[in-house]
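Novice: just coords:
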């Protein structure tokens, strides 16, 4: 049986975690992936050591801040995988691009080496890459995209378009559609 002291520690840990996320969300919205760890800790009213106990890296913090958007993308990728492979892939790329353009800092988080190392499979990049691989594989098998089309190339394309058009989803959609014309067989 857990002692009341350990329950209190877990409650404190959870409370600090929620305070850190609440402080991080508006700072990430303002500063994107370059958010200052020190400012997040200061806004949450905790020390930087507490922040680092909860979030070992910027990538871990961003993955948690962006979890809701990434979960929505994961579900959408699953839905699209059940339909026409070519249409599903193009719809996925467009929805991914628009989400990245409208969510400041998400694009940088989706980059595989944004934090100097690989992201976990459960992190933003891992979730998005897995859905992209599944959709590209299905589209390749159906002949809906050019042979040799790679998930990583398409993710690089989405990243470039998103970074160039942050805050302008209409321009991002237009550029993505132009680029996808070159992916069709």
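Specialist: Received the coordinates, thanks. Values in this document were obtained by computation on a predicted structure and should not be read as measured data. Numbers count the residues shown, from 1 in each chain.

Novice: what strand or helix carries residue 17?
Specialist: helix 4-31 (DSSP states H and E).

Novice: got the contact list for the very next helix or strand once past that helix?
Specialist: Scanning forward in sequence from helix 4-31 by DSSP H and E, the next helix or strand is helix 37-44. With contact meaning CB atoms under 8 Å, 6 or more residues apart in numbering, helix 37-44 is reached by 16, 19-20, 22-24, 27, 47-48, 50-52, 55, 58, 61. For every residue, glycine as well, the C-beta is placed using N, CA and C.

Novice: now the buried members of those residues.
Specialist: With burial judged by 16 or more other CB atoms under 10 Å, the buried subset of the contacts of helix 37-44 is 16, 19, 20, 23, 24, 27, 50, 51, 55, 58, 61.

Novice: could those go into TSV alongside pLDDT?
Specialist: As requested, the buried ones among the contacts of helix 37-44 are exported to TSV (pLDDT from 0 to 100):
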residue	pLDDT
16	93
19	94
20	94
23	94
24	91
27	88
50	93
51	94
55	93
58	84
61	90
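
Novice: what would those look like in a markdown table with distance to residue 166?
Specialist: Shown next, in a markdown table, are these (distance: CB to CB, whole Å):
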| residue | distance to residue 166 |
| --- | --- |
| 16 | 31 |
| 19 | 28 |
| 20 | 25 |
| 23 | 22 |
| 24 | 19 |
| 27 | 16 |
| 50 | 31 |
| 51 | 26 |
| 55 | 23 |
| 58 | 18 |
| 61 | 19 |
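
Novice: what are the boundaries of the helices in this protein?
Specialist: Counting by DSSP state H, the chain has helices at residues 4-31, 37-44, 48-54, 58-65, 67-81, 85-102, 106-110, 124-141, 151-164, 169-181.

Novice: weakest of these in terms of mean pLDDT?
Specialist: Of all those, the minimum mean pLDDT falls on helix 106-110 (a mean of 73).

Novice: what about stretch 69-82, distance to the chain center?
Specialist: Relative to the centre of its chain, stretch 69-82 is centred 12 Å away, using CA atoms, centre = their mean, to the nearest Å.

Novice: next, the buried residues of it.
Specialist: 69, 70, 73, 76, 77, 80, 81.

Novice: stretch 164-175 now?
Specialist: Quick answer for stretch 164-175 (16+ other CB under 10 Å): 165, 166, 169, 172, 173, 175.

Novice: find the nearest non-adjacent residue to the fourth one, please.
Specialist: Taking CB to CB, 6 or more residues apart in numbering, and ignoring the residues beside it in sequence, residue 172 has residue 165 as its nearest neighbour in space, at 4.0 Å.

Novice: okay, now the domains of the protein?
Specialist: 4-55, 67-181 (automatic domain parsing).

Novice: winner for burial among those domains?
Specialist: Burial of the domains of the chain is given as mean neighbour count (mean count of other CB atoms under 10 Å); domain 67-181 ranks first at a mean of 18.

Novice: centroid residue for the chain?
Specialist: Nearest residue to the geometric centre of the chain (CA atoms, centre = their mean): residue 124, 3.7 Å.
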